[in-house]
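Visitor: What follows is a predicted structure for the sequence shown.
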Amino acid sequence: MTSNAKPSMPQEALEKPEDAARVCLDSMPYRAIVFAHLHKSESKAPLYWVAGVAGGPWSAINSLKKAVAVHGATCFYCSTALSKDTVTIDHVEGQTGEIPNAIQNLVLACKPCNAKKGHLPIDAFKPEAGREWLQALHTQVEERLRKLGQR
């Protein structure tokens, strides 16, 4: 009987950091951010390059700030154009857990929306934004699973 099972591989051979730590939203300025490498510190936090910005790489939060400065942005929740005076970075799922500043957990928001959302879950604050964010994550997970199946 022939087995279709794939041989066991170490985890690092199955998934690369650039597959796990990439921006899940496909609009600007998120798509201007590209995984560079993992930080050499014990945290191994992902670092990113930003298209059109010299220097780097930077943390997820700093990458988002630099991407907004060069590429502009709109509020993820209300689509209002953001300026350097009105932009905030919202933690979609709060600042708890192992990697609260993971790029997949960060969205750009205007000050009023970020203040209104507070600590609410994204789907309780604005269901359509929650749906969009979860769909982007779902697409990313499906792509990663597809890549794992090809090995």
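Guide: Nice, thanks for sending it over. Numbers count the residues shown, from 1 in each chain.
Visitor: Make sure residue 131 is actually in contact with residue 138.
Guide: No - when contacts are counted by Cβ atoms under 8 Å, residue 131 is not listed as touching residue 138 (10.1 Å). Backbone N, C-alpha and C define where each C-beta goes, glycine included.
Visitor: Please enumerate the strands of this structure.
Guide: 33-38, 46-50, 87-91, 106-110 (DSSP state E).
Visitor: Could you dump those into a markdown table and include distance to residue 26?
Guide: Shown next, in a markdown table, are these (distance: least, Cβ to Cβ, whole Å):
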| stretch | distance to residue 26 |
| --- | --- |
| strand 33-38 | 11 |
| strand 46-50 | 16 |
| strand 87-91 | 18 |
| strand 106-110 | 13 |
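Visitor: and of those strands, who's closest to residue 74?
Guide: With Cβ to Cβ as the criterion, residue 74 lies closest to strand 106-110 of the strands of the chain, at 7.6 Å.
Visitor: Note down every partner strand of that closest one and its orientation.
Guide: Strand 106-110 has its sheet partners listed here by DSSP bridges as strand 87-91 (antiparallel).
Visitor: Give me the longest helix you can find in this protein.
Guide: Secondary structure of the chain per DSSP state H: the longest helix is helix 127-149.
Visitor: I would like the C-alpha coordinates for that helix, written out in PDB, please.
Guide: Written as PDB, here are the backbone C-alpha positions of helix 127-149 (Å, rounded to 0.1, in the frame of the first residue of the first chain):
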ATOM      1  CA  PRO A 127     -18.800  44.100  12.100                       C
ATOM      2  CA  GLU A 128     -17.900  44.900   8.400                       C
ATOM      3  CA  ALA A 129     -14.400  45.900   9.400                       C
ATOM      4  CA  GLY A 130     -14.100  42.700  11.500                       C
ATOM      5  CA  ARG A 131     -15.300  40.700   8.500                       C
ATOM      6  CA  GLU A 132     -12.700  42.400   6.200                       C
ATOM      7  CA  TRP A 133      -9.900  41.800   8.700                       C
ATOM      8  CA  LEU A 134     -10.800  38.200   9.400                       C
ATOM      9  CA  GLN A 135     -11.200  37.500   5.600                       C
ATOM     10  CA  ALA A 136      -7.700  38.900   5.000                       C
ATOM     11  CA  LEU A 137      -6.300  36.600   7.800                       C
ATOM     12  CA  HIS A 138      -8.300  33.700   6.400                       C
ATOM     13  CA  THR A 139      -6.800  34.300   2.900                       C
ATOM     14  CA  GLN A 140      -3.300  34.400   4.400                       C
ATOM     15  CA  VAL A 141      -3.800  31.100   6.400                       C
ATOM     16  CA  GLU A 142      -5.200  29.400   3.200                       C
ATOM     17  CA  GLU A 143      -2.100  30.500   1.300                       C
ATOM     18  CA  ARG A 144       0.200  29.200   3.900                       C
ATOM     19  CA  LEU A 145      -1.600  25.900   4.100                       C
ATOM     20  CA  ARG A 146      -1.400  25.600   0.300                       C
ATOM     21  CA  LYS A 147       2.400  26.200   0.400                       C
ATOM     22  CA  LEU A 148       2.700  23.600   3.100                       C
ATOM     23  CA  GLY A 149       0.800  21.100   0.900                       C
END
